[in-house]
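Colleague: I'd like to go over a predicted model; first the sequence, then the structure.
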Amino acid sequence: MCGISGIYGLENLHQPLEMVRKMNRALAHRGPDAEGEFQGENIVLGHRRLAIIDLSDRGRQPMHDEANGISVVFNGEIYNYLELREELRDYPFRTDTDTEVIIAAWSKWGSACLQRFNGMFAIALWDDKKQCLFLARDRMGIKPLYYAYRGSSIIFASEIRAILATGLIPREMDTDSLVDYLRYQTVHAPYTMVKGVSMLQPGNFLMLRDDEVQEVQYWNPLASYSREASLMNPEEIRQHIGELLLDSVKLRMRADVPFGAFLSGGIDSSTIVALMSRVAGHKVNTFTISFNECDYSESTFAAMIAEKFGSEHHDIRLSASSFVDLLPEALEAMDHPSGDGPNTWLVSKITRNAGITMALSGLGGDELFAGYPVFKRSVKLLDQKWVLSFPKPLRVLGASVLRTMKPGVNSQKITELLRQDYLDLEYSYPLSRACYLDYDIRTLLRQTSLPENRVARILAEEVSFGSPGFDLPFLSRVSHAEIRSYLQNVLLRDTDQMSMAHALEVRVPFLDHRLVEFVYGIPDSIKYPHSPKKLLTESMRGLLPTEVINRPKMGFTLPWEFWMKHELFELCNSRLERLALRPEFEGAQIRRIWHSFLKGKDQYGWSRIWPLVVLSNWLEKTQID
């Protein structure tokens, strides 16, 4: 796990090497173990190293193959690098790193090497003989890679702040992305909040030669999902899931540094810890945060799992005052604004402080195994299409009565649903994850027209009638919607930036592409969550206690509602007031929303206020106009 950066196309640039050194400094938190740079005729590469595999100096980057004219910088891990070394025995390896395996694989297979990698990665590889730059991102989008064009140059890095550090890209807001952020508390790739800065899509690579730029999608779960499950009986499916997940955990436990696991006490993290305990020859280090506000504490369930599987458990109790002290630092760690993240920042901090350099996470289990309410809700909406037989004016009138009697965001979303002509997934899902609806956004931004809804466009292109994903089982289409929107653009982005703020590598076994491809093909009748993530828990063959399986779903969250009205009031109030003074916003509306929340009205809960606080802080810190 590291930070990478570089510039290709140096003809019109003054001191490009110094620019990459500035990028390296901006990424220092990602790699405290070493730094390096390489300058060729038309390319400069930069790297900050967090050593996980082969801790010796031989593993430093940029790494070079002088004989073949190849140089590479790499962020992430190729988990199956040992198996690939066996296939590449003709290559004269000089290190024990997975980085050198990338060079050897490129030498033999070219861009097709990506099909053989099982890992999380962002790669920048310069082939001097072919005079081409190869930029690639892993299948699921676990590791980020941003880029921007400036004339004939392309600037790329693991974080936006590194690109901005060059001074080549104006600090200008993308106004369409501002609307996207207000809708979904994030900005969906390939876009970012900074105009002109893009994020390479998951499963894609860029090939650059002279003035030619080619972007290729090398993996798409809609084209790659397994049809094998449709030929299996339920017991065979459960057995295969167990085998795939166990192998995924085994691969992700390969490291030359101390490692552990995040443990919330929920089904997903408990499953990962249980499987780690099977593989490890020693006690697994587990970490959780508990709260003085006991309604939010999951420590009882985490302790139960830790005892059952004999982990070395670290339960960090957090008070409001300590959180207030730490929160400004967590906000500073945000490379891109997000309505989520400080929880990951906190657990990463305590894990790293305990001497752990790599941790496994249960991220992705809800998306794959129908763990969120949106799965059941989407199925229910399909069964309620009869509602659309009523005339639209009558539906709208009924919704207005509901909003009057029970104001709040849920009533607003129901109103919008009843205005729709269809209740299919591509129409209903974009409302499910919405933070602010378009009516609110028009008021907040004083705009009469808004850009296209990016989530709606993704679903229309990928899972609607006639699209590549329409043949998927319905629950898998919901999984795809969750993965392509919330998981990749909120959870994975936050996990990367918040864990790397502490130079902690986080690995996610549920997102092994083999498991994703298999679960996508499982029929709804087997996957439907009659009990919480029934298919997953049954695949674990009684491994988890029933108390954990049947516990109420809480998520790894913080007691924001209480804190924002008390200990965090001054921080929130000052940030919102600064946002209200920005020319893009209608200040009176921001103040009205804030005061409504403070009075305890249901219409604006903490999850709609906090993204505005974060946005204000990020805009000011990044100096975006």
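Modeller: Yep, it's here. Since the structure is predicted, the reported quantities are computational estimates derived from the model, not experimental observations.
Colleague: thought Leu318 was touching Ser290?
Modeller: Yes - between Leu318 and Ser290 there is a contact under CB atoms under 8 Å: 7.0 Å. C-beta coordinates here come from the backbone N, C-alpha and C atoms, glycine included.
Colleague: now the residue lying closest to Ile267 once chain neighbours are set aside: how far from Val273?
Modeller: Closest residue in space to Ile267, ignoring its immediate chain neighbours: Lys533 at 5.3 Å, by CB to CB, 6 or more residues apart in numbering. Remark: distance between Lys533 and Val273 (CB to CB, to the nearest Å) = 16 Å.
Colleague: higher neighbour count, these two?
Modeller: Ranked by neighbour count (other CB atoms under 10 Å), Lys533 and Val273 place Val273 first, with 27 against 24.
Colleague: got a list of what the more buried one touches?
Modeller: By CB atoms under 8 Å, 6 or more residues apart in numbering, the contact set of Val273 is 261, 263, 284, 286, 305-306, 309, 311.
Colleague: please, which helix or strand holds it?
Modeller: helix 267-279 (DSSP states H and E).
Colleague: what comes up buried for that helix?
Modeller: 267-277 (16 or more other CB atoms under 10 Å).
Colleague: Thr344 contacts Ser499, doesn't it?
Modeller: Yes - taking CB under 8 Å as the definition, Thr344 is a contact partner of Ser499 at 6.3 Å.
Colleague: ok, what's across the strand from the nearest residue to Thr351 once chain neighbours are set aside?
Modeller: Excluding the flanking residues, the one nearest Thr351 by CB to CB, 6+ apart is Phe287, at 4.8 Å. Phe287 forms beta bridges with Phe262, His314, as assigned by DSSP bridges.
Colleague: helices of the stretch 451-600 of the chain, residue ranges please.
Modeller: Applying DSSP state H, counting those that start in this stretch to the stretch 451-600 of the chain gives helices spanning 454-462, 474-482, 492-500, 513-520, 524-527, 534-539, 546-549, 560-565, 569-580, 587-598.
Colleague: same for the first one, what does it pack against?
Modeller: For helix 454-462, the packing partners by 3 or more CB pairs under 8 Å, 6 or more residues apart in numbering; DSSP states H and E come out as helix 175-184, helix 425-432, helix 474-482.
Colleague: what comes into contact with the helix or strand following the shortest one?
Modeller: Pointing back at helix 425-432 there. Downstream of helix 425-432, the next assigned helix or strand under DSSP H and E is helix 438-445. Residues outside helix 438-445 that contact it (CB under 8 Å, 6+ apart) are 178-179, 182-183, 412, 436, 447-448, 450, 584-586, 589-590.
Colleague: so can I have CSV of those showing distance to Met63?
Modeller: Below are these laid out as CSV (distance: CB to CB, whole Å):
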residue, distance to Met63
Leu178, 39
Val179, 42
Leu182, 42
Arg183, 41
Gln412, 53
Tyr436, 46
Gln447, 49
Thr448, 54
Leu450, 46
Glu584, 44
Phe585, 47
Glu586, 52
Gln589, 52
Ile590, 49
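Colleague: what comes up buried for stretch 150-166?
Modeller: So for stretch 150-166, counting by 16+ other CB under 10 Å, buried means 150, 153-166.
Colleague: ok, now stretch 198-218?
Modeller: For stretch 198-218, by 16+ other CB under 10 Å, it's 198-208.
Colleague: before we move on, back to that, just the contacts of helix 438-445 now: which is nearest Met540?
Modeller: Arg183 (36.5 Å; CB to CB).
Colleague: wait, doesn't the closest one sit right on Asn453?
Modeller: Yes - judged on CB under 8 Å, Arg183 makes contact with Asn453 at a distance of 6.7 Å.
Colleague: which one's more surrounded, those two?
Modeller: Arg183 (26 against 19).
Colleague: any idea how far Asp176 is from the more buried one?
Modeller: 11 Å.
Colleague: got it, and Leu423?
Modeller: For Leu423 relative to Asp176 (CB to CB), the value is 27 Å.
Colleague: now Glu332
Modeller: 26 Å.
Colleague: so these two - more neighbours on which side?
Modeller: It is Asp176, of Glu332 and Asp176, that has more neighbours when counted by other CB under 10 Å, with 15 against 12.
Colleague: list the contacts for the closest residue to that one other than its chain neighbours?
Modeller: Sequence neighbours aside, Pro451 is the residue nearest to Asp176 in space, at 4.3 Å (criterion: CB to CB, 6+ apart). Residues in contact with Pro451 (CB under 8 Å, 6+ apart) are 176, 179-180.
Colleague: same thing with Ser485?
Modeller: 184, 188, 433, 455, 458.
Colleague: and for the second one, the neighbour number?
Modeller: Residues near His188, counting by other CB under 10 Å, number 23.
Colleague: can I assume it sits in a strand?
Modeller: No - if the criterion is DSSP: H, G, I helix; E, B strand; the rest coil, then His188 is coil and not within a strand.
Colleague: how close does it sit to Leu263?
Modeller: 30 Å.
Colleague: cool, Ala460 as well?
Modeller: 39 Å.
Colleague: and Ile593, what does it touch?
Modeller: 604, 608-609, 612.
Colleague: just put these in CSV and tack on pLDDT, distance to Tyr218 and secondary structure.
Modeller: What follows is the contacts of Ile593, written out as CSV (pLDDT from 0 to 100; distance: CB to CB, whole Å; DSSP: H, G, I helix; E, B strand; the rest coil):
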residue, pLDDT, distance to Tyr218, secondary structure
Tyr604, 85, 43, coil
Arg608, 92, 38, helix
Ile609, 94, 40, helix
Leu612, 97, 38, helix
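Colleague: neighbour-wise, which one of these leads?
Modeller: Leu612 (27 neighbours).
Colleague: wait, what's in contact with that one?
Modeller: 575-576, 579, 590, 593 are the contacts of Leu612 under CB under 8 Å, 6+ apart.
Colleague: buried ones among those?
Modeller: Buried, going by 16+ other CB under 10 Å: 575-576, 579, 590, 593, out of the contacts of Leu612.
Colleague: wait, a helix at Arg85?
Modeller: Yes - assessed by three-state DSSP, Arg85 belongs to a helix.
Colleague: excluding chain neighbours, what is closest to it?
Modeller: Closest to Arg85 by CB to CB, 6+ apart is Val101, at 6.0 Å.
Colleague: residues contacting the one you found?
Modeller: Val101 touches 78, 81, 84-85, 88, counting by CB under 8 Å, 6+ apart.
Colleague: filter the buried residues of stretch 150-166 down to just the ones in helices.
Modeller: 160-165 (DSSP state H).
Colleague: in JSON lines: those, plus pLDDT and distance to Pro523.
Modeller: Formatted as JSON lines, these follow (pLDDT from 0 to 100; distance: CB to CB, whole Å):
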{"residue": "Ile160", "pLDDT": "98", "distance to Pro523": "41"}
{"residue": "Arg161", "pLDDT": "97", "distance to Pro523": "45"}
{"residue": "Ala162", "pLDDT": "97", "distance to Pro523": "45"}
{"residue": "Ile163", "pLDDT": "98", "distance to Pro523": "44"}
{"residue": "Leu164", "pLDDT": "97", "distance to Pro523": "47"}
{"residue": "Ala165", "pLDDT": "97", "distance to Pro523": "50"}
